[in-house]
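1. got a structure for you, letters missing:
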């Protein structure tokens with residue numbers, strides 16, 4: 001099995017496979033590469049609709065060249081939070097975005113979510129997202145609207161009265177609750193079809209089975225979300241009871 005970086009010939013094979021509509025797993029099998037390598041290669045170079053082997057190869061060479069350059073010294077050197085490797089952070093950001101896209105979310109929503117997840121504050125303004133992602137304010141606004149509607153981010157006002165978009169522990173919980181509600185709506189709609197199509201028909205039986213299955217999944221999600229929330233907010237092992245009492249007696253947030 002070949003290792004190391006993709007060659008230009010391999011990238012041409014990837015481009016042909018994408019153009020033919022082959023799955024990433026099939027392209028990877030033909031190359032003898034992991035599926036994740038092919039997926040990451042396509043997603044970081046324009047996605048399946050815009051991938052070009054020559055452009056992808058040049059972009060990779062530019063990235064390799066930047067890595068080989070010595071880090072600038074003196075007052076002009078950009079500061080990296082926590083001593084992080086900027087190139088490693090960028091590559092991780094691309095990989096995390098690709099993973100989210102594989103879950104079915106549109107690319108811009110995934111890019112915004114990733115930005116929020118990997119920021120130390122867990123919150124960014126629209127202007128900060130625009131600067132980081134190098135996209136238009138309209139693209140950010142559309143992505144944020146969709147993410148809010150799915151309970152994946154929430155909006156807060158900071159001390160300068162700017163909207164900040166937040167991901168934190170409670171967003172995960174609210175996202176699960178939103179998913180459970182969508183399952184409940186699906187189950188109810190399936191049961192409406194039972195009455196419309198006739199209870200003793202094969203179609204009605206199929207819809208009833210759908211409703212029962214979705215009901216079970218939705219209830220399981222609710223139970224799991226509640227249990228996970230209790231664990232998430234539980235007092236860490238070793239915390240003093242005095243600290244717990246002071247938190248309880250303090251004012252509510």
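-> Good, I have the coordinates. The model shown is predicted, which means the values in this text are computed figures rather than measured ones.
2. And the helices in the stretch 101-250 of the chain, which stretches?
-> 107-118, 126-133, 137-149, 169-197, 202-232, 241-249 (DSSP state H, counting those that start in this stretch).
3. okay, those helices in JSON lines with mean pLDDT next?
-> Supplementary listing: those in JSON lines, determined by pLDDT from 0 to 100:
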{"stretch": "helix 107-118", "mean pLDDT": "91"}
{"stretch": "helix 126-133", "mean pLDDT": "92"}
{"stretch": "helix 137-149", "mean pLDDT": "92"}
{"stretch": "helix 169-197", "mean pLDDT": "85"}
{"stretch": "helix 202-232", "mean pLDDT": "89"}
{"stretch": "helix 241-249", "mean pLDDT": "40"}
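4. Single out the most deeply packed of the ones you listed.
-> The highest mean neighbour count among the helices of the stretch 101-250 of the chain, using mean count of other Cβ atoms under 10 Å, belongs to helix 107-118: a mean of 20. In this view, the C-beta of every residue, glycine as well, is placed from N, C-alpha and C.
5. Specify the angle between it and helix 137-149 in degrees.
-> For helix 107-118 against helix 137-149, the angle by axes from the mean of the first three to the mean of the last three Cα atoms, to 10 degrees is 70 degrees.
6. thinking again about what came up before, could you dump the helices of the stretch 101-250 of the chain to a markdown table with distance to residue 162?
-> Formatted as a markdown table, these follow (distance: least, Cβ to Cβ, whole Å):
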| stretch | distance to residue 162 |
| --- | --- |
| helix 107-118 | 15 |
| helix 126-133 | 8 |
| helix 137-149 | 13 |
| helix 169-197 | 19 |
| helix 202-232 | 28 |
| helix 241-249 | 29 |
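7. Minimum distance to residue 157: which of those has it?
-> Closest to residue 157 of these is helix 126-133 (Cβ to Cβ; 12.8 Å).
8. pLDDT score for the nearest residue to residue 117 once chain neighbours are set aside?
-> Nearest non-adjacent residue to residue 117, counting by Cβ to Cβ, 6 or more residues apart in numbering: residue 167, 5.8 Å away. The per-residue pLDDT reported for residue 167 equals 87.
9. what residues are up against residue 167?
-> 113, 116-117, 122-123, 152-153 (Cβ atoms under 8 Å, 6 or more residues apart in numbering).
10. Output these in JSON lines; the columns should cover distance to residue 30.
-> Converted to JSON lines, the contacts of residue 167 look like this (distance: Cβ to Cβ, whole Å):
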{"residue": "113", "distance to residue 30": "32"}
{"residue": "116", "distance to residue 30": "37"}
{"residue": "117", "distance to residue 30": "33"}
{"residue": "122", "distance to residue 30": "41"}
{"residue": "123", "distance to residue 30": "44"}
{"residue": "152", "distance to residue 30": "36"}
{"residue": "153", "distance to residue 30": "39"}
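11. Return the closest of these with respect to residue 144.
-> Using Cβ to Cβ, the contacts of residue 167 come closest to residue 144 at residue 153, 6.6 Å.
12. host element of the residue most central in space within the chain?
-> By Cα atoms, centre = their mean, the chain has its centre lying nearest to residue 100, at 3.6 Å. Here residue 100, judged by DSSP states H and E, is contained in helix 86-102.
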